[in-house]
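In: kindly generate the corresponding structure for this input.
(one chain, ligands or ions: 1)
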Amino acid sequence: MLVIDDLGKRYGGVQAVDGISLVLEPGERFGVIGPNGAGKTTLFKMIAGDVPPTAGAVHLFGKDVTTMSTARRARMGVGRTFQISNLFRDMTVFDNVRVAARGGTSKARVFWMPQRAKDDVSERSIEALESVGLADRRNLTVANLSHGEQRQLEIAMALVGEPSILLLDEPAAGLSAVERATLKSLIENLPRTLPILLIEHDMTLALGLTDRVMCMENGRHVVTGTPAEVRDNETVREIYLGRRDKK
Ligand SMILES: Nc1ncnc2c1ncn2[C@@H]1O[C@H](COP(=O)(O)OP(=O)(O)OP(=O)(O)O)[C@@H](O)[C@H]1O
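Out: Here you go, the predicted structure:
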């Protein structure tokens, strides 16, 4: 589904990502963890197409997409969330998902559609909202949702395009313990056939949701393994307990 080969990104003097490789198998849930500044977000952005790598390649569904735009990757079946909210705060929950269903950024596009296409979009939007437990909140404006519900909505907006792969960028950032638990069960209950790449600072959440995990530090690969193997890895423990000297 996704093959990353020796990927690197340099920002001036900063090597944000350095020689990262990974393979995401069909139906697999793969986590990328690491402390602040590890390079997780930069890695995510290169996979989604937001920033071009300075080294290496990204293949999606067997195709080299290294230089392909975000929009084209989305059309190929990449669903993704954003670390910084991209919600329309003054619009309803339902309209946000309908706009996402059209792959658009303008509310007008939804309202100028032919009725049949509109019905299809509305139906898919309701299904996406149901899958994240927000169907009964659909007529509220986004500004009236809790932070946790806004994260759920962002996942609905990624799902409504019926993606073949889902990229989640730190979905639990800034959430309370209760909101994290809700989000965790939501992700757990997504169809097992949908491969997921989850970038997450919260190690417990990432280990609880994935089949395999990679830990990064200072842009580099530390270890890849099952959640149990990564949890028990001495270097990972040192990194997360903050006892490791920065290189
Ligand atoms: N646009 C940029 N310009 C310059 N340096 C950058 C840029 N984006 C990221 N960096 C640097 O690259 C390194 C990796 O950053 P990145 O945001 O990918 O890490 P992260 O693991 O996602 O951290 P966090 O959990 O804090 O988001 C950091 O040293 C950061 O300062």
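
In: domain ranges for this protein?
Out: Listed by automatic domain parsing, the domain ranges of the chain are 1-67+165-172+197-247, 78-162.

In: can you flag the weakest of those domains by average pLDDT?
Out: Within the domains of the chain, confidence is poorest for domain 78-162, with a mean of 84 (mean pLDDT).

In: how far does it stretch from start to finish?
Out: 9 Å (CA to CA, to the nearest Å).

In: chain center to it, what's the gap?
Out: Here domain 78-162 is found 16 Å from its chain centre; the criterion is CA atoms, centre = their mean, to the nearest Å.

In: could you do stretch 197-212 as well?
Out: On CA atoms, centre = their mean, the centre of stretch 197-212 falls 11 Å from that of its chain.

In: what ranges do the strands span in the protein?
Out: Using DSSP state E, the strands of the chain run over residues 2-11, 14-24, 29-33, 55-60, 63-64, 78-80, 165-169, 196-199, 212-217, 220-225.

In: the ligand is nearest to which of the domains of the chain?
Out: Taking CB to the nearest ligand atom, domain 1-67+165-172+197-247 is the member of those nearest to the ligand, at 3.1 Å. C-beta coordinates here come from the backbone N, C-alpha and C atoms, glycine included.

In: once you drop chain neighbours, what's closest to the spatially most central residue of the chain?
Out: Closest to where the C-alpha atoms of the chain average out (CA atoms, centre = their mean) is L168, at 1.3 Å. Spatial nearest neighbour of L168, excluding adjacent residues (CB to CB, 6 or more residues apart in numbering): L198 at 4.7 Å.

In: around the closest residue to G19 other than its chain neighbours, count how many other residues there are.
Out: Nearest-residue entry for G19: D6, 5.3 Å, with adjacent residues in sequence omitted and distances by CB to CB, 6+ apart. The number of residues packed around D6, counting by other CB atoms under 10 Å, is 12.

In: can you tell me which helix in the protein is longest?
Out: In the chain, taking DSSP state H as the definition, the longest helix is helix 115-131.

In: what comes up buried for that one?
Out: 121, 124-126, 128-129, 131 (16 or more other CB atoms under 10 Å).

In: residues from this structure in reach of the ligand?
Out: For the chain, the residues in contact with the ligand (CB under 6 Å from any ligand atom) are 11, 14, 16, 34, 36-42, 201.

In: now those residues as a markdown table including neighbour count?
Out: Formatted as a markdown table, the residues of the chain next to the ligand follow (neighbours: other CB atoms under 10 Å):
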| residue | neighbour count |
| --- | --- |
| Y11 | 11 |
| V14 | 12 |
| A16 | 21 |
| G34 | 26 |
| N36 | 7 |
| G37 | 15 |
| A38 | 23 |
| G39 | 25 |
| K40 | 26 |
| T41 | 20 |
| T42 | 25 |
| H201 | 18 |
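
In: check contacts around the residue nearest to G19.
Out: Contact analysis of D6 by CB atoms under 8 Å, 6 or more residues apart in numbering lists 19-21, 55-57.

In: what do you get if the cut-off is 10 Å, keeping everything else the same?
Out: Listed by CB atoms under 10 Å, 6 or more residues apart in numbering, the contact partners of D6 are 18-21, 53, 55-57.

In: check contacts around the closest residue to P227 other than its chain neighbours.
Out: In this structure, P227 finds its nearest non-sequential neighbour in L207, 3.9 Å apart by CB to CB, 6+ apart. L207 makes contacts with 31, 33, 200, 213, 226-228, 230-231, 236, as judged by CB under 10 Å, 6+ apart.
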